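Engineer: Here is a sequence together with a model predicted from it:
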Number of protein chains: 2
Amino acid sequence: MVQIRKESVPPSPAPSAAPTSADVARLAGVSRATVSYVLNNTSAVRISEATRRRVHDAAEELGYVPHAAARSLRAGHSRMVLMPAPNVPMGPLYSQFINELQWALGRLDYTVVQYGSIGLRGDEAARAWAELRPVAVLVPGGGLGPQGVHVLKRSGARAVVTLGPERVDGAHALLMDHHRVGHSAGAHLLARGRRRVGVVVPREPGLEFFSRPRLEGVRHAARDTDATVAELPLAYTEEDAARLAARWRSLGLDAVFAYNDEYAMLLMRALQDEGIAVPDDTAVVGADDLTLGRLLRPRLSTVHIDLPSGRDLAELVDRVVRDPAGAPEAHEVFGARIVHRESS
Amino acid sequence: MVQIRKESVPPSPAPSAAPTSADVARLAGVSRATVSYVLNNTSAVRISEATRRRVHDAAEELGYVPHAAARSLRAGHSRMVLMPAPNVPMGPLYSQFINELQWALGRLDYTVVQYGSIGLRGDEAARAWAELRPVAVLVPGGGLGPQGVHVLKRSGARAVVTLGPERVDGAHALLMDHHRVGHSAGAHLLARGRRRVGVVVPREPGLEFFSRPRLEGVRHAARDTDATVAELPLAYTEEDAARLAARWRSLGLDAVFAYNDEYAMLLMRALQDEGIAVPDDTAVVGADDLTLGRLLRPRLSTVHIDLPSGRDLAELVDRVVRDPAGAPEAHEVFGARIVHRESS
């Protein structure tokens, strides 16, 4: 980390008091109500094009910006869609999903804010989100309980949508079950004749929500077979991977589902450095279908994950905001399928 | 992408009207002012521990959450620190910086929101941010001009801090000059005796802000030498990398600075598949010092980047919020140094 050192810069004049809608009204020669109608794009009131232009010009000249909070206090709700910001690096798959979702919600005139919730847990986080009075809340991962949903709805959120493995009472649910990811990997390895399957569970905090159901999915695939499944804690460091590889032969495993492609790359390198042949001695499967898996030798087998379309999710949010009294909906939105390459 | 299909779920009762501070006051048997003092942690007024407890219990029982917007309207400003959400995947380095920053600002009682600004440009984005009346705005990358700074300050932002290569009039600046990254890579390759240096410039939109100054940094390092520098557009796909590798010999390059470690991995694989030896025929250098570079063979040389400490940045924000009339500060907060491994 670099220390922040001070350099001198010439001072700039302090800004004058913020312009108000009254200033805009005065300059445009119209009432404050007219300013409000024009700048909030109200279609209920007929206002001439010339007047609209005068108001916009005056607002521009003064640098007037409407106050979203004041507007939402008047309207009783905002156009804000709140999402907790992820605390862990989410990778290109999730970034693309979020971009598409923001774009689609923006077209429907919503504003998306991601809320940093580091150190907040469960219903404590819901109370912090509720203070911003979002009209909709999208919660990826777990942690939001029925009480949190209740707090959000009581505070005016019309749509509460969870993106996770289970329904939460009172909320709409996009069911994203990581169990399927592990099941795809496990079923593939068993079909390839492997019988002693290790499953990497990252030691890094914040990933349990994904890693536990993936492990359970492999266990489920191995149920009623003669195969065994072993849990392998692994930190994302060369050192920890080398330690695991050094005791690999004593573990007696012939396959590993390595949580995702990045952990698979880490472990495969350590196994190869240890003289363990992939896939002859041990088959390796990742997940996420990242480009990097195709760059490895042997090319990495992986589980391809289909996320929901951001546009469909935006439309669901808009539908629920318009009709908040409707029954909570649940949608299965998660696809997982094996991509067989050379490592398994 | 998976289609959102509907499953039926039993309806839940519609939430009743949101509780107000008047409801809390009634249940606790105190005035609304007392409720406000207690829930906003005002220290100016002495209130007994028993009364505080009664107010908290009543708020808990009713599920009452204070309205941040109403509070900020009363106070004239919020405790909200707004950052534009990045539109491109930022990788573990940036995630860690953001986490540390959020944690440090949270300890100082600020709330960090990341604002999706897809499709908004420059001062248009500044006006959208201003609507939320943040007390501080942190803008990584470029795009915010002096007019945008002015709009934000007129709307009540006490601290506007840019994290980028240049100062913007009226804003505090954390100078993060990616020129240095390219210069480190270029100087290293020249010191290793290379004379015909290619520089990867990603074709993906949104990365120009980082890639252009990195290219300029390499050019700067080669100035007044007999070395040449060639710009190499490259999309992050196997196909584009293979096309570039296929015409590599005709380019006559003996070194490449590949933008970052991920593009370096992509290009190094394509070069190796084409029979070009790394580093004997062509030296390869990445940037970011990711773990994956150490997993490649040959191990990847890279430029290690030092970001500012999130704690120092949080303290700067808090200092400026408390004393918004102070002269804009500029701090150099970006370190870059070569990590020499086997690929160069």
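Structural biologist: Perfect, I can see it now. All values reported here derive from a predicted model rather than from experimental measurement.
Engineer: Could you check how many residues crowd around residue A:30?
Structural biologist: Neighbourhood size, residue A:30 [other Cβ atoms under 10 Å in any protein chain shown]: 19. Where C-beta positions appear, they are placed from N, C-alpha and C, glycine not excepted.
Engineer: Which residue ranges make up each domain of chain A?
Structural biologist: A:21-66, A:75-176+A:308-332, A:179-306 (automatic domain parsing).
Engineer: Show me where the stretch 201-344 of chain A has its strands.
Structural biologist: Along the stretch 201-344 of chain A, counting by DSSP state E, counting those that start in this stretch, strands occupy A:228-234, A:255-257, A:283-287, A:301-306, A:330-332, A:335-339.
Engineer: I'd like the ones you listed as CSV, with mean pLDDT appended.
Structural biologist: CSV is the format used below for the strands of the stretch 201-344 of chain A (pLDDT from 0 to 100):
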stretch, mean pLDDT
strand A:228-234, 98
strand A:255-257, 98
strand A:283-287, 98
strand A:301-306, 94
strand A:330-332, 86
strand A:335-339, 94
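Engineer: Any idea which of those gets closest to residue B:112?
Structural biologist: Closest approach to residue B:112 among those is made by strand A:301-306 (28.6 Å; Cβ to Cβ).
Engineer: Could I get the pLDDT score of the spatially most central residue of chain A?
Structural biologist: Central residue of chain A (Cα atoms, centre = their mean): residue A:140, 5.3 Å from the mean position. Residue A:140 carries a pLDDT value of 81.
Engineer: Count the residues that sit near the closest residue to it other than its chain neighbours.
Structural biologist: Nearest non-adjacent residue to residue A:140, counting by Cβ to Cβ, 6 or more residues apart in numbering or on different chains: residue A:163, 4.4 Å away. Neighbours of residue A:163 under the rule other Cβ under 10 Å: 21.
Engineer: Kindly export the helix or strand in which residue A:163 is found (C-alpha atoms) in PDB.
Structural biologist: In the assignment (DSSP states H and E), residue A:163 maps to strand A:159-164. As requested, the backbone C-alpha atoms of strand A:159-164 are provided in PDB (Å, rounded to 0.1, in the frame of the first residue of the first chain):
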ATOM      1  CA  ALA A 159     -40.200  -5.700  -4.700                       C
ATOM      2  CA  VAL A 160     -37.900  -7.900  -2.700                       C
ATOM      3  CA  VAL A 161     -36.200 -10.500  -4.900                       C
ATOM      4  CA  THR A 162     -33.700 -13.100  -3.700                       C
ATOM      5  CA  LEU A 163     -31.200 -14.800  -6.000                       C
ATOM      6  CA  GLY A 164     -30.200 -17.900  -4.100                       C
END
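Engineer: Which positions within that strand qualify as buried?
Structural biologist: Neighbour counts using 16 or more other Cβ atoms under 10 Å in any protein chain shown place A:159, A:160, A:161, A:162, A:163, A:164 of strand A:159-164 among the buried residues.
Engineer: next SSE after the helix of greatest length in chain A?
Structural biologist: Secondary structure of chain A per DSSP state H: the longest helix is helix A:91-107. Downstream of helix A:91-107, the next assigned helix or strand under DSSP H and E is strand A:111-116.
Engineer: Can you tell me which helices and strands that following strand packs against?
Structural biologist: Judged by 3 or more Cβ pairs under 8 Å, 6 or more residues apart in numbering or on different chains; DSSP states H and E, the packing partners of strand A:111-116 are strand A:80-85, helix A:91-107, helix B:91-107, strand B:111-116.
Engineer: Buried residues in the last one, which are they?
Structural biologist: With burial defined by 16+ other Cβ under 10 Å, the residues of strand B:111-116 counted as buried are B:111, B:112, B:113, B:114, B:115, B:116.
Engineer: and residue A:293, how many neighbours does it have?
Structural biologist: Using other Cβ under 10 Å, residue A:293 is surrounded by 24 other residues.
Engineer: roughly how far apart are it and chain B?
Structural biologist: Residue A:293 sits 11 Å away from chain B, going by Cβ to the nearest Cβ, to the nearest Å.
Engineer: ok, now residue A:19?
Structural biologist: 7 Å.
Engineer: ok, that residue - how many residues close by?
Structural biologist: 18.
Engineer: who's in contact with it?
Structural biologist: For residue A:19, the contacting residues are A:62, A:63, A:64, B:154, by Cβ atoms under 8 Å, 6 or more residues apart in numbering or on different chains.
Engineer: From what I see, the last one and residue A:23 are in contact.
Structural biologist: Okay, so that is residue B:154. No. Applying Cβ atoms under 8 Å as the test, residue B:154 and residue A:23 come out as separate, 10.9 Å apart.
Engineer: Show the contacting residues for residue A:201.
Structural biologist: Residue A:201 touches A:211, A:212, A:215, A:231, A:232, A:233, A:234, A:259, counting by Cβ under 8 Å, 6+ apart.
Engineer: what's the pLDDT at residue A:42?
Structural biologist: Confidence score, pLDDT, at residue A:42: 61.
Engineer: What ranges in the stretch 1-150 of chain A fall below the confidence cut-off?
Structural biologist: Across the stretch 1-150 of chain A, the ranges flagged by pLDDT under 70 are A:1-17, A:40-44, A:67-77, A:87-92, A:117-122.
Engineer: Just to be sure, residue A:34 is in a helix?
Structural biologist: Yes. Under DSSP: H, G, I helix; E, B strand; the rest coil, residue A:34 sits within a helix.
Engineer: wait, doesn't it sit right on residue A:24?
Structural biologist: No. Using Cβ under 8 Å, residue A:34 makes no contact with residue A:24, being 9.6 Å away.
Engineer: Show me whatever sits in contact with both of these two.
Structural biologist: residue A:55.
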